[in-house]
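In: Sequence below, structure please.
(chains A, B, C and D)
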There are 2 protein chains.
Amino acid sequence: MKVDPKKPADLSAQIAQAIRDAIVSGELIVDARLPSEAELSEQFKVSRPTVREALKRLAAQSLIRTQRGASGGAFVNKLSFEDAYSQQVTTSTLLLSMNAVSFDTACEARYALERACAALSAARHTPDHLATMRAEIYRQSQPGLTDEAFCASDVAFHRALVDAAGNPVLSYQLAGAVEAMQPLMNMITFSARSREEIIALHNRIADSIEARDAVAVDRTLVELETYTRQLAHDVAERRRNPA
Amino acid sequence: MKVDPKKPADLSAQIAQAIRDAIVSGELIVDARLPSEAELSEQFKVSRPTVREALKRLAAQSLIRTQRGASGGAFVNKLSFEDAYSQQVTTSTLLLSMNAVSFDTACEARYALERACAALSAARHTPDHLATMRAEIYRQSQPGLTDEAFCASDVAFHRALVDAAGNPVLSYQLAGAVEAMQPLMNMITFSARSREEIIALHNRIADSIEARDAVAVDRTLVELETYTRQLAHDVAERRRNPA
DNA sequence: AGACTTTTAAATGTCAGACAAATAAAAACT
DNA sequence: AGTTTTTATTTGTCTGACATTTAAAAGTCT
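Out: This next block holds a predicted model:
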């Protein structure tokens, strides 16, 4: 591992990249201990603060963890689905908020992805998943629920639907997309009437899942997408022209 | 923004989180300039190296960019789809390699996601996307292509298929999943016979896209998934029992 | 000998101060 | 007015030091 002192990038960025490459390529395996900061600064011929900046970059990506004390140091971190998931949520959320992604675009993506696992969820769901979905539907039907709480429960419902597919890779990818949409969803004020409608659709989805009827799940998700986009459209219309 | 000196986390992690929160909440908007490192170290009552470690953490997530010189400093970065995409690829790749995700699981996720945008791609593709797909198919048919190059072209083909959906959010989510699978795919040695088969399927996909026949695209993707998994299964079998 | 306590060494976390390098704005000079 | 020079600001890097944590080694007592 070397660094090029005449490259434009910062030394700490170069060092971070060198170590990152070593991890991705498998040269450094999970739980392997990196050389100490003092040793790294010798190897790379830079000062300790520079090495530390590089290590913090890697820590920010959950690629390493550090431990103090004797026999401490920096260790290659086993990237868990949860770590990856939370990173994805942060990234997706910012991406949506910073790039003026329209509600329609985000919504379309979300439901397209969700429909991708509907068939698997119908086939493989366990009683657990179904129970979670029913519980969230019940919560959604409680009167006096704030819009935020309603949306949060909506996210939990769809999360359960995705998890029911029993594929952790799918869960990690989709849950991020679904959760990232929550801020956009929160901009919608749900009338009592629209909540009823959504809950009815959720019930149909749960029923279809229980009946292992993939086609019905898909059809209902399409309806839910259409309805959600209609709601957003109405909100936008009312904001433009408050009658 | 404050930090709690008796919290377990490192000061630099706390400061990074405080600034991250300010960005996510919209308190700091895109292209806003953060206070200089000297000012931040005063505000947070920590030294400059500690502030710098915090800033490097944020830079690693593409949340800020820094510029040297007068009127330089750290600026809130507009997270581009490309930045988000490359982060996702890194994360997904590591996730697959570190968690012993089976080929079947990853493959299932990949094709489930890809089929999610097949209908949109059939409906919305431009001549550009189709041309890219055809070009990659042509490249795949060249003799003497290494397995790595064949896989890379495969990724490019599927990338074009996903992009044809015309939804950048979908592209960002899916392309990461597809690309992350490449290392797993590279473990397969493609015989001349299997390449032919895959190219034939690619051709059928391109034809179906051109005909805007969503059902045919979906059906062919299912075939391709089945075939890919069969290939991987054969490879595993041959490795276990080299006849 | 065995269990408990103390010491020690190694490592990260933090700090202070300094200089280098880049860069834009201000000043000086045609 | 246009060009060059100077200057101030800010990040990038280095050196050296001390604080804190932690596991292992050494010591001590029963």
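
In: what residues are up against the residue most central in space within chain A?
Out: Closest residue to the average C-alpha location of chain A: A:Gly176 at 1.9 Å, with C-alpha atoms, centre = their mean. The neighbours of A:Gly176, taking C-beta atoms under 8 Å, 6 or more residues apart in numbering or on different chains as the test, are A:Tyr85, A:Gln88, A:Val89, A:Thr91, A:Ser92, B:Gln173. In short, each C-beta sits where N, CA and C put it, glycine included.

In: State the mean pLDDT of whichever strand or helix holds the fourth one.
Out: In this structure, A:Thr91 sits in helix A:81-98 according to DSSP states H and E. When pLDDT is averaged along helix A:81-98, the result is 90.

In: What is that helix packed up against?
Out: The criterion is 3 or more C-beta pairs under 8 Å, 6 or more residues apart in numbering or on different chains; DSSP states H and E, and the helices and strands that helix A:81-98 contacts are helix A:168-180, helix A:182-186, helix B:11-24, helix B:81-98, helix B:168-180.

In: Give the buried residues for whichever helix or strand comes after the shortest one.
Out: The reference is to helix A:182-186. Elements were assigned by DSSP H and E; along the chain past helix A:182-186, the next helix or strand is helix A:192-210. Along helix A:192-210, these residues count as buried under the neighbour rule (16 or more other C-beta atoms under 10 Å in any protein chain shown): A:194-195, A:197-199, A:201-206, A:208-209.

In: What angle do helix A:192-210 and the longest helix along chain A make with each other?
Out: Of all segments of type helix in chain A, defined using DSSP state H, the longest is helix A:214-240. Helix A:214-240 and helix A:192-210 are oriented at 160 degrees to each other (axes from the mean of the first three to the mean of the last three C-alpha atoms, to 10 degrees).

In: Is helix A:214-240 positioned near chain B?
Out: No: if you take C-beta under 8 Å from any C-beta of the partner chain as the test, helix A:214-240 misses chain B, and the best it gets is 10.6 Å.

In: Can you give me the buried ones in that helix?
Out: For helix A:214-240, a neighbour-count test (16+ other C-beta under 10 Å) marks A:Ala214, A:Ala216, A:Val217, A:Asp218, A:Arg219, A:Thr220, A:Leu221, A:Leu224, A:Glu225, A:Thr228, A:Leu231, A:Ala232 as buried.

In: Now flag whichever of the residues you listed is closest to B:Glu237.
Out: A:Ala214 (30.4 Å; C-beta to C-beta).

In: Nearest to DNA strand D within chain A, name that residue for me.
Out: Nearest residue of chain A to DNA strand D (C-beta to the nearest atom of the strand) works out as A:Gly69 at 2.0 Å.

In: what's the spacing between that residue and A:Ser36?
Out: Spatial separation of A:Gly69 from A:Ser36 under the definition C-beta to C-beta, to the nearest Å is 12 Å.

In: Can you pull the poorly scored residue ranges out of chain A?
Out: A:1-8, A:243 (pLDDT under 70).

In: repeat that for 80
Out: Counting by pLDDT under 80, chain A contains low-confidence ranges at A:1-9, A:175-176, A:187-190, A:192, A:239-243.

In: For it, what lies in contact range of DNA strand C?
Out: A:34, A:36-38, A:48-49, A:52, A:55, A:66-74 (C-beta under 7 Å from any atom of the strand).

In: List only those of the residues you listed flagged as buried.
Out: A:Leu34, A:Glu37, A:Arg52, A:Leu55, A:Thr66, A:Gly73, A:Ala74.

In: And the helices and strands packed on helix A:81-98: which comes nearest A:Arg20?
Out: Nearest to A:Arg20 among the helices and strands packed on helix A:81-98 is helix B:81-98; the distance by C-beta to C-beta comes to 7.7 Å.

In: tell me which strands and helices the following helix or strand past that closest one is in contact with?
Out: Proceeding N to C from helix B:81-98, the next assigned helix or strand is helix B:103-116, under DSSP H and E. The contact analysis (3+ C-beta pairs under 8 Å, 6+ apart) places helix B:103-116 against helix A:103-116, helix A:168-180, helix B:147-163, helix B:168-180, helix B:182-185, helix B:214-240.

In: was I right about A:Gly73 contacting A:Leu34?
Out: Yes: because the distance of 6.3 Å satisfies C-beta atoms under 8 Å, A:Gly73 is recorded as touching A:Leu34.

In: that older thread, which ones among the residues of chain A next to DNA strand C come in contact with chain B?
Out: The subset of the residues of chain A next to DNA strand C within reach of chain B, by C-beta under 8 Å from any C-beta, is A:Pro49, A:Arg52.

In: Sort out for me which of the residues of chain A next to DNA strand C are in strands.
Out: Of the positions in these, A:Thr66, A:Gln67, A:Gly73, A:Ala74 sit in strands, assigned by DSSP state E.

In: residue contacts, the nearest residue in space to the third one that is not next to it in sequence?
Out: Beyond its immediate neighbours in the sequence, the residue positioned closest to A:Gly73 (C-beta to C-beta, 6 or more residues apart in numbering or on different chains) is A:Arg33, lying 5.1 Å away. If you count contacts by C-beta under 8 Å, 6+ apart, A:Arg33 has them with A:Gly73, A:Ala74, A:Phe75.

In: just those residues now: which is nearest B:Gly26?
Out: Here the nearest of these to B:Gly26, counting by C-beta to C-beta, is A:Ala74; it sits at 33.8 Å.

In: Next, the contact list for the closest one, please.
Out: Under the criterion of C-beta under 8 Å, 6+ apart, the contact list for A:Ala74 reads A:Arg33, A:Leu34, A:Glu37, A:Leu55, A:Leu58, A:Ile64, A:Arg65, A:Thr66.

In: who does it bridge with?
Out: According to DSSP bridges, A:Thr66 are recorded as the beta-bridge partners of A:Ala74.

In: Can you tell me how far it is from chain B?
Out: The gap separating A:Ala74 from chain B is 13 Å, by C-beta to the nearest C-beta, to the nearest Å.

In: With A:Ala214 instead?
Out: If you go by C-beta to the nearest C-beta, the gap between A:Ala214 and chain B works out to 12 Å.
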